[in-house]
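**Q** Mind folding the following:
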Amino acid sequence: MIEIAHTTQMQQAFKAAHAERGQALLKILSWAFRSRNFPLRQSALTEPSRCA
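**A** Predicted structure coming up:
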């Protein structure tokens, strides 16, 4: 996005907004690509193991 700041205050606001957008994007990407590997607990199994 092209943003032209006419004052110092606007320039600082644009920098702050850019940083906030970056943090939001980082949170979305880390949520989307998080590890979803959950080991099963013994109590979660519905029948005993046949290997035991």
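**Q** Pick out the residue nearest the middle of the chain.
**A** In the chain, the centroid-proximal residue (C-alpha atoms, centre = their mean) is K27; its distance is 2.5 Å.
**Q** Quick check: that one vs F33, distance?
**A** 11 Å (C-beta to C-beta, to the nearest Å). Every residue, glycine included, has its C-beta placed from N, CA and C.
**Q** For Q12, the count of nearby residues, please.
**A** 11 (other C-beta atoms under 10 Å).
**Q** host element of it?
**A** Q12 is part of helix 8-32 when elements are defined by DSSP states H and E.
**Q** remind me which residues of the protein are low pLDDT?
**A** For the chain, the stretches with pLDDT under 70 are 1, 37-49, 52.
**Q** Might you report the residue contacts of the residue nearest to the centre of the chain?
**A** Listed by C-beta atoms under 8 Å, 6 or more residues apart in numbering, the contact set of K27 is empty.
**Q** gap between it and H6?
**A** Counting by C-beta to C-beta, the gap from K27 to H6 is 31 Å.
**Q** Then K15?
**A** Counting by C-beta to C-beta, the gap from K15 to H6 is 15 Å.
**Q** chain center to the helix holding Q12: distance?
**A** For helix 8-32, the separation from the chain centroid amounts to 13 Å (computed by C-alpha atoms, centre = their mean, to the nearest Å).
**Q** That's all I had, so thanks and see you.
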